[in-house]
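**Student:** Next input, structure requested:
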Amino acid sequence: MAGGRVVTVVAKLCAKSCAAPGRILRKPREARRGEGPHGFPAPAPGAGGQRVAQSPARPPAANAMGQWASSRLLCCPDGYNGRPVQSPENPVEKIKGALVVGALRLVAALPWSAVQRLGALIGWLQWKLPNRAREVVRINQAKCFPELSAAEREALLRRTLRDIGKTFTESACAWIWPPHKSLQLVREVEGLEVLQAALASGKGVVGITSHLGNWEVLNHYYCDQCKPIIFYRPPKQKAVDELLQQQRVQMGNRVAPSTKEGILSVIKEVRRGGAVGIPADPEPSEGSGVFVPFFAVQALTSKFVPGMLAGHKAEGVFLHAIRLEDGSGFKVIIEAAPEDMYSSDPAVGVAAMSRVIEGYVRRWPSQYMWSMKRFKKRPQGEPRWY
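**Tutor:** A predicted model of the protein is given here:
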């Protein structure tokens, strides 16, 4: 039992980093007054104990990293990397960071088959032992798959936690290995011509993904095809932060946080014909999204991606890296955004985006990150789920 607890603790620590690509960092509710139009706080010296760099002429001391989901690193289109001033690292977080980095390196040193088996073991322990992630998955799937029997949902829960465990260990490899080694795991590609046509259109390209399959491997593939700006959220542990920063920009891409400055840098990049990568399924602030159907329920979904596409101002392309059944690697699937996503009506565009993501998740339901609190905010009058 003690060994199981150790593995579970490591899994939880890795989960905070692995699930980060799609999550938007939030402040406490009382600290979110005066937010910008997308729900991200306007920079203010001293706010929340941090200060975001304002002027490229006076960059603060560097200390961070880079990729797809966001918080304390700004990579502007002009190439300047503004980094925030952070308070000294908590000693406990420093120890956690060292443990996580050590665990990541150990996992990445294993043969690929062992990486898959270890991930499955972590998922099995998450299924057998009481933990918060298991209960979140159980709640989400019960609401989204009401047509399944209790036995069918339990079987889906078990497969989901197994695949989440694999995502953790696979991502450790993607973070530690050189990118070309991760790219070798992409065994099949469907729809590459869609991405190539979008890149050749002369317009900005918005690469849209979700927490399905493995987005870390997908990140390498997308950055191999173009040099996008992608959202990035560093973990709390500085050691992990520094490691991932080195790994996530090796392909020549840039990164941006899901802050007001990061949002603006992404918009500028798209307007000048560049490419960006955005996870579309994190729950936004209430002012930044609309409730649209996702499976059998209403889900608050961001208006940001459809807003950039409205009126065909840019080309939208969905990308996912799906785990192959035999565990040998991944299939990258690329699909053009449907016409409704270019609507000037935000509700129409967001609903169309949600339908596409739901379609993918229905095909591979166990590979979705159901441990996210995707439905934390509910329409007025509905009780909370978590």
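
**Student:** remind me which residues of the chain are low pLDDT?
**Tutor:** When residues are selected by pLDDT under 70, those of the chain lie in 1-88, 233-234, 245.

**Student:** Could I get the CA-only coordinates of the longest strand along it as CSV?
**Tutor:** Of all the segments assigned as strand in the chain under DSSP state E, the longest by residue count is strand 314-323. Listed next in CSV are the C-alpha coordinates belonging to strand 314-323 (Å, rounded to 0.1, in the frame of the first residue of the first chain):
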residue,chain,number,x,y,z
ALA,A,314,-8.0,33.4,-40.3
GLU,A,315,-8.0,29.7,-41.1
GLY,A,316,-9.0,27.2,-38.4
VAL,A,317,-7.6,23.7,-38.3
PHE,A,318,-8.3,21.0,-35.7
LEU,A,319,-5.4,18.8,-34.7
HIS,A,320,-5.3,15.8,-32.3
ALA,A,321,-2.7,13.0,-31.6
ILE,A,322,-4.7,9.8,-30.9
ARG,A,323,-3.1,6.9,-29.1
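
**Student:** for the helix or strand following it, packing partners?
**Tutor:** Per DSSP states H and E, strand 314-323 leads on to strand 330-336 as the next helix or strand towards the C-terminus. Of the remaining helices and strands, those touching strand 330-336 by 3 or more Cβ pairs under 8 Å, 6 or more residues apart in numbering; DSSP states H and E are strand 186-190, helix 192-199, helix 215-225, strand 314-323. Using the backbone N, CA and C atoms, a C-beta is placed for each residue, glycine as well.

**Student:** closest one to residue 149 among the ones you listed?
**Tutor:** Nearest to residue 149 among the helices and strands packed on strand 330-336 is strand 314-323; the distance by Cβ to Cβ comes to 25.5 Å.

**Student:** Run the angle between that closest one and strand 186-190 for me.
**Tutor:** With axes from the mean of the first three to the mean of the last three Cα atoms, to 10 degrees as the criterion, the two stretches strand 314-323 and strand 186-190 enclose an angle of 140 degrees.

**Student:** Now the biggest helix by length in the chain: buried residues?
**Tutor:** If each helix of the chain is counted by residues according to DSSP state H, the longest one is helix 150-176. Of the residues in helix 150-176, those buried under the neighbour-count criterion (16 or more other Cβ atoms under 10 Å) are 153, 156-158, 160-176.

**Student:** Stretch 352-372 now?
**Tutor:** Of all the residues in stretch 352-372, those buried under the rule 16+ other Cβ under 10 Å are 352-354, 356-358, 360-361, 365-372.

**Student:** And the furthest pair within those?
**Tutor:** 352 and 371 (26.1 Å).

**Student:** Strands along this protein, start to end?
**Tutor:** Across the chain, reading from the start of the chain, the strands by DSSP E fall at 74-75, 81-82, 186-190, 204-209, 229-231, 254-256, 275-279, 289-294, 297-302, 314-323, 330-336.

**Student:** Please name whichever of the ones you listed is nearest to residue 149.
**Tutor:** Distance to residue 149, taken as Cβ to Cβ, is lowest for strand 297-302 among these, at 18.9 Å.

**Student:** Would you give the sheet partners of that closest one, along with the direction of each?
**Tutor:** Here strand 297-302 is paired, per DSSP bridges, with strand 289-294 (antiparallel).

**Student:** Can you tell me what sits against the strand it pairs with?
**Tutor:** Outside strand 289-294, the residues within contact range by Cβ atoms under 8 Å, 6 or more residues apart in numbering are 39, 144, 283, 298-303, 346-347, 350-351, 354-355, 357-358, 374, 379.
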